[in-house]
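Q: Here's my sequence, what's the structure:
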Amino acid sequence: MKIAVPTEADKVETRVAATPETVKKFVGLGAEVVVQSRAGARSRFIDDDYAAAGATIVKTAAKAVADADIVLKVRRPDDVELINFRKGSLVVGIMDPYGNEVAVKAMAEAGLVAFAMELMPRITRAQVMDVLSSQANLAGYQAIIDAAENYGRALPMMMTAAGTVPAARVFVMGAGVAGLQAIATARRLGAVVTATDVRPAAKEQVESLGAKFIAVEDEEFKQAETAAGYAKEMSKAYQAKQAALVAEHVKKQDIVVTTALIPGRPAPRLISKEMVASMRAGSVLVDLAVERGGNVEGARPGEVVEAGDVKIVGHLNMPGRIAASASALYARNLYAFVETLIDKQNKT
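A: Reported below is the predicted structural model:
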């Protein structure tokens, strides 16, 4: 069985789908692993380390995927990449099918069998394969690091002979995996943290991290979570009440991180331009949903926008900003899944 690891074609993508650690494990299962030269360079994994783990290094993506039974990817292959794939190959990666039906159809017409890792069910057995959680965790961490970089002031309270530096006020909107890590990171850096979410279960999680929970806690709020643990889309009436509460709270914040996403739909608008304008000079917003339309009005994908005296950070591929860590976790997710497809006795 041949497993291929090509370099990601998207220039924004710094991650790689396999690391020397997981390559060694695949080789141990009897697989032949072929890695395109410099596939892991942007994640600080060098060709020599892949070769030492048992991989064959080839120069081009075409050579890497030629006759491959399984191709490991971070992002869905584009039209140029599809030309080189063998019909019947299994492609494992983040397929992002919603709103990209043409690209998904192209894979089907190429005869590929695609596994969308982001659609992995939330069950106990699949936790180790959950790419959304592993990558969102790092995105939440990086959001606070980027916010601190753009904030221009210290986050913790500091008492000095020259006077006291007050702690930064951080507000996290959305307490999923990314939001909770953002809360934890901001707390570790000494900020005063508040957070909001439409799911009742999030309140206890937020408070367990030392943050204060902010929400309109009415009857609709109590039923705002799906059986799978995702947030439901709220009614217009609830959204209006929550928006009023948030608008007043945002005025007092130094840093706001938004993380709200609804599977298969555009990101909900949480912060209006009027709310941005109401923030204090030097404040920072980080929009983790910018690739899905954004939670913050005025956010632009791939840019740091200055809206008056407020910065709106809209970096693309937030996990990829710490590519070495993101790749290490992502590669383990993929190994955990692919390993279940391999006949360990016959090594096929």
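Q: would you put the C-alpha positions of the helix or strand of the chain with the lowest mean pLDDT in CSV?
A: The helix or strand of the chain with the poorest confidence is helix 219-222; it has a mean of 79 (mean pLDDT, DSSP states H and E). Extracted as CSV, the C-alpha positions of helix 219-222 are listed here (Å, rounded to 0.1, in the frame of the first residue of the first chain):
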residue,chain,number,x,y,z
GLU,A,219,-36.1,29.9,28.0
GLU,A,220,-34.8,30.0,24.5
PHE,A,221,-31.3,30.1,25.8
LYS,A,222,-31.9,26.9,27.8
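Q: for that helix, the distance to its chain's centre please.
A: Between the centre of helix 219-222 and the centre of its chain there are 28 Å (CA atoms, centre = their mean, to the nearest Å).
Q: Now R292. Nearest residue, chain neighbours left out?
A: Closest residue to R292 apart from its sequence neighbours, by CB to CB, 6 or more residues apart in numbering: A267 at 4.1 Å. The way it works is simple: take the backbone N, C-alpha and C, and place the C-beta from them, glycine included.
Q: For the one you found, give me its contacts.
A: A267 sits next to 260-261, 289-290, 292-295 when contact means CB atoms under 8 Å, 6 or more residues apart in numbering.
Q: can you check V58 too?
A: The neighbourhood of V58, defined by CB under 8 Å, 6+ apart, consists of 34-37, 64.
Q: So what does V71 have for phi and psi?
A: V71 adopts backbone torsions of phi -120, psi 120, taken as degrees, to the nearest 10.
Q: Which secondary structure elements does the strand or helix carrying A182 sit against?
A: Assigned by DSSP states H and E, A182 belongs to helix 177-188. With contacts defined as 3 or more CB pairs under 8 Å, 6 or more residues apart in numbering; DSSP states H and E, helix 177-188 has these neighbours: helix 131-151, strand 169-173, strand 192-196, helix 201-208, strand 255-258.
Q: out of the contacts of A267, who's nearest F85?
A: Nearest to F85 out of those is R292 (CB to CB; 27.4 Å).
Q: Enumerate every residue touching that closest one.
A: R292 makes contact with 261, 266-267 under the criterion CB under 8 Å, 6+ apart.
Q: want to try JSON lines for these, with secondary structure and pLDDT as columns?
A: Output for these, formatted as JSON lines (DSSP: H, G, I helix; E, B strand; the rest coil; pLDDT from 0 to 100):
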{"residue": "L261", "secondary structure": "coil", "pLDDT": "89"}
{"residue": "P266", "secondary structure": "coil", "pLDDT": "91"}
{"residue": "A267", "secondary structure": "coil", "pLDDT": "93"}
